[in-house]
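Peer 1: sequence-free structure coming up:
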């Protein structure tokens, strides 16, 4: 019986990539050393990190005036690093409150003594919609923070808010490389790797040249300009995570690039949403226009029935469907590496569970 991992992260990786890692692990590039053993100062790793950056630039069409930085600490560390590096003129940012991770970003920014204005919030709808701007952005803001995909709530921006000349800083952690965006629409993009790019331990920062280098006396490990100058190797970078991410980037190129992946993700999500919308037992609470193609929450309305579904799904090889602890229910994460066959298997089990429940018999 095949198994399918619907975890929100760390998440499913492409099978060919996992197989390549397995094959290369004892001796990377016939060096006699594992990728986990080679020096980050070696020519072997130079090739790894340079290829990873170039492949990312190719896939996202990143302009030359944007730096690509490889960080540790997850997306959460960037909640602190971004205001320290970018909110240097007025120490004042705007934020769209689209859910849990946007709220966390606001909290961390305030810890840096940055003033945070909530420009719009979806709190009143329990985050089943997306907040949108209804008036022009204050031009004195250092930047506006946006979470492009809300992993817990299952919402996603496809149309970006208009912020005028105020830079837009995007937390793309959970739809990075799964949804196409124009990099030039942002001052900065950051994303934890463990959703669509690779194993946990790596964070990508893409930042426009003119926005960095203005902060003074930053801790070295949070300094974008220092990391740009040192090619992300101020200290030992996460060698294995960068290597694995590089393999995923090459896999993405072989799949036809980001436009092709976005189309596949839309098709996979449509299979699941179409079932949920006609279901008499399960429902997705998100307004259709705000729905994510990456993370699909759904519920029965009965916690005991939800638990029975999750247990049965696990027995059928459909893993990690339990919803986030803050919202309960179920959640299926349909990242790039989730095959259509996995979504089809999930829909088939949903239908079987619903039919059995209707008859009063649970498998």
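Peer 2: Structure's in. What do you need? All of these numbers come straight from a predicted model, not from anything done at the bench. Numbering: from 1, shown residues only.

Peer 1: only C-alpha atoms for contact and neighbour calcs from this point on.
Peer 2: Fine.

Peer 1: number of residues surrounding residue 8?
Peer 2: Neighbourhood size, residue 8 [other C-alpha atoms under 10 Å]: 26.

Peer 1: pretty sure it is in a strand, no?
Peer 2: No - using DSSP: H, G, I helix; E, B strand; the rest coil, the secondary structure at residue 8 is coil, not a strand.

Peer 1: the nearest residue to it once chain neighbours are set aside: neighbour count?
Peer 2: Once flanking residues are discounted, residue 8 sits nearest to residue 333: 5.3 Å by C-alpha to C-alpha, 6 or more residues apart in numbering. Other residues lying near residue 333 total 27 when counted by other C-alpha under 10 Å.

Peer 1: distance of the nearest residue to residue 294 once chain neighbours are set aside from residue 356?
Peer 2: Leaving aside its chain neighbours, residue 294 sits nearest to residue 334 (4.9 Å; criterion: C-alpha to C-alpha, 6+ apart). Here the criterion is C-alpha to C-alpha, to the nearest Å. By it, residue 334 lies 25 Å from residue 356.

Peer 1: neighbour count winner among those two?
Peer 2: Neighbour count, other C-alpha under 10 Å: between residue 334 and residue 356, residue 334 has more, with 31 against 13.

Peer 1: identify the residues contacting that one.
Peer 2: Going by C-alpha atoms under 8 Å, 6 or more residues apart in numbering, residue 334 touches 6, 265, 268-269, 293-296, 343.

Peer 1: just curious, which of these is nearest to residue 200?
Peer 2: residue 6 (16.0 Å; C-alpha to C-alpha).

Peer 1: returning to that earlier point: the contacts of residue 334 in strands, which ones?
Peer 2: 295-296 (DSSP state E).

Peer 1: which of the contacts of residue 334 has the most neighbours?
Peer 2: residue 294 (30 neighbours).

Peer 1: hmm, that one is touching residue 176, no?
Peer 2: No - assessed by C-alpha atoms under 8 Å, residue 294 is found out of contact with residue 176, at 9.9 Å.

Peer 1: A strand includes residue 145, no?
Peer 2: Yes - counting by three-state DSSP, residue 145 falls inside a strand.

Peer 1: quick one: contacts for it?
Peer 2: Neighbour list for residue 145: 93-96, 102, 168-171 [criterion: C-alpha under 8 Å, 6+ apart].

Peer 1: apply 6 Å and report the result again.
Peer 2: 95, 169-170 (C-alpha atoms under 6 Å, 6 or more residues apart in numbering).

Peer 1: what's the answer for residue 61, then?
Peer 2: Residues in contact with residue 61 (C-alpha under 6 Å, 6+ apart): none are found.

Peer 1: start and end of stretch 85-93, how far apart?
Peer 2: Span of stretch 85-93 from end to end, C-alpha to C-alpha: 12 Å.

Peer 1: how distant is that stretch from the center of its chain?
Peer 2: 25 Å (C-alpha atoms, centre = their mean, to the nearest Å).

Peer 1: the spatially closest residue to residue 4 that is not a sequence neighbour: neighbour count?
Peer 2: Spatial nearest neighbour of residue 4, excluding adjacent residues (C-alpha to C-alpha, 6+ apart): residue 318 at 5.2 Å. Residue crowding around residue 318 was assessed by other C-alpha under 10 Å; the count is 23.

Peer 1: right, and residue 318 touches residue 1 too?
Peer 2: No - assessed by C-alpha atoms under 6 Å, residue 318 is found out of contact with residue 1, at 10.2 Å.

Peer 1: what ranges in the protein fall below the confidence cut-off?
Peer 2: 359-363 (pLDDT under 70).

Peer 1: domains of it?
Peer 2: Domains of the chain are assigned by automatic domain parsing as 4-12+257-358, 16-254.

Peer 1: output the contacts of residue 145 as TSV; include the columns secondary structure.
Peer 2: TSV is the format used below for the contacts of residue 145 (three-state DSSP):
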residue	secondary structure
95	strand
169	strand
170	strand
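
Peer 1: residue 135: which of those residues is nearest?
Peer 2: Using C-alpha to C-alpha, residue 95 comes nearest to residue 135 of the contacts of residue 145, at 13.6 Å.

Peer 1: tally of neighbours for the closest one?
Peer 2: Other residues lying near residue 95 total 22 when counted by other C-alpha under 10 Å.

Peer 1: what sits opposite it in the beta ladder?
Peer 2: residue 118, residue 145 (DSSP bridges).

Peer 1: that one reaches residue 118, doesn't it?
Peer 2: Yes - counting by C-alpha under 6 Å, residue 118 is a contact partner of residue 95 at 5.0 Å.

Peer 1: before we move on, back to that, which of the contacts of residue 145 sits closest to residue 20?
Peer 2: The shortest approach to residue 20 among these belongs to residue 170, at 31.7 Å (C-alpha to C-alpha).
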